[in-house]
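>>> What shape does this take:
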Amino acid sequence: MGVGTIWLLLTVAVGLQFIIQTQAIFGDSRIDGSTDGSTDGSTEGSTDVDETPLTPPPELAVELSFTLKHEFVPELDNRSSQEYMDLVNIVESECGDILREAFGCAFMECIARCFRPALVWIQTTQTQVVVTVVLKSSASADLIPTTSQVLQAVIDGANNTNSTILSGSVVVIATTLTTTPAPPTSTTTAVTPMAIPLSFTSRGETFTAGLMDSSSPVFMARDVLIVTSLEPVYNNTFPSFMSLNVTGFRNGSIINDLLMLFSAGNVPNITDIANVLINASSNITAFNISVSSITVNGTVVSVSSGVSHKISLITASFFVLLSWLLSSQH
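Just a heads-up that it's a prediction; the model follows:
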């Protein structure tokens, strides 16, 4: 093999190595998302391009939905409008401040995904937003919050008088976080929650297909109504009460399935839990509560049983008194 041939082969090898290294560095990424290898922004032949970045979902994230104290305008449907960008900045800034204060270095960012008008039967003119809360996967495991902790942090922050978020409207849409708190690193004893299922029927209300989908506006709206109506009642009655969440709805008028959390070791009995709902039913107008349909922890609580026992006791007392009066006359 001649010297010229060897030199030619070495030149080709070096050229191929350069191409391979360049491809490894830059890959197939394109600034404009085109598929023809160009970087001139050409999108020939494409229609209705979605401007949402095609990025994989974060490893640790919670997707929330909540309503803002902000009037919805048509410009919020346009991602390039000034109104859209201004509201994104407001939401991401406020949400970021709340979660940064709550979780420190474990928090990464808050991303406003989209805006839409809130449901008419909640608030006609206000704006609903979907937000993704991203946490640092590199953070220590004991610093990463659970889904419920993220939710509660946003609700607590929304209770601030200067907040644009309606605290009663905050719900979780999706999550990649655990629902179990990380093991404590100190000697402090963690509070262990006790879950108690609760269900009741809203007679006279119509079940729709949207109530089977937890991400639908109808489901989320009813979820907000029930939680915001019942949580304060139970919170004021039982010191051990922690939270109340809607787990689903079923057909049969509308059967509402809930899950209540109490501090373990101080859980009220099923009768006391049911009685709170019974007593509150006359004051709640947002939805119907059929007091004869209440089930607590799998047990149907009979409303009439307590009354019938009282009547039986009164009746027995009457006959004892009558018997005594009759005997005293002889």
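>>> domain ranges for this structure?
Using automatic domain parsing, the domain parsing of the chain gives 61-175, 193-302.
>>> Which one of those has the poorest average confidence?
Lowest mean pLDDT of the domains of the chain: domain 61-175, a mean of 85.
>>> Ends of that one, what's the gap?
Length of domain 61-175, first residue to last, Cα to Cα, to the nearest Å: 6 Å.
>>> oh, and call the first residue 778 from now on, that's how I've got it
New numbering, starting at 778: the last item is domain 838-952.
>>> ok, and for stretch 1033-1051, which residues are buried?
Neighbour counts over stretch 1033-1051 (16 or more other Cβ atoms under 10 Å) mark 1033, 1035, 1037-1039, 1044-1045, 1047, 1050-1051 as buried. Just so you know, the C-beta spots here come from the backbone N, C-alpha and C atoms, and that holds for glycine as well.
>>> what's in contact with that stretch?
With contact meaning Cβ atoms under 8 Å, 6 or more residues apart in numbering, stretch 1033-1051 is reached by 968-979, 1003, 1007, 1011, 1015-1027, 1064, 1071, 1073-1074, 1076, 1078.
>>> Just the buried subset of those residues, please.
Among the contacts of stretch 1033-1051, those classed as buried by 16+ other Cβ under 10 Å are 970, 973, 975-979, 1003, 1007, 1011, 1015, 1017-1023, 1026, 1064, 1071, 1073, 1078.
>>> Next, count neighbours for residue 906.
For residue 906, the neighbour count with other Cβ atoms under 10 Å is 26.
>>> OK, contacts around it?
Contacts for residue 906 (Cβ under 8 Å, 6+ apart) come out as 842-845, 864, 868, 889-892.
>>> neighbour-wise, which of those leads?
Highest neighbour count within the contacts of residue 906: residue 844, with 27 neighbours (other Cβ under 10 Å).
>>> Among the contacts of residue 906, which ones are in helices?
864, 868 (DSSP state H).
>>> Relative to residue 1057, which of the contacts of residue 906 is nearest.
residue 844 (23.7 Å; Cβ to Cβ).
>>> Leaving out the residues flanking it, which one is nearest to that closest one?
residue 946 (3.9 Å; Cβ to Cβ, 6 or more residues apart in numbering).
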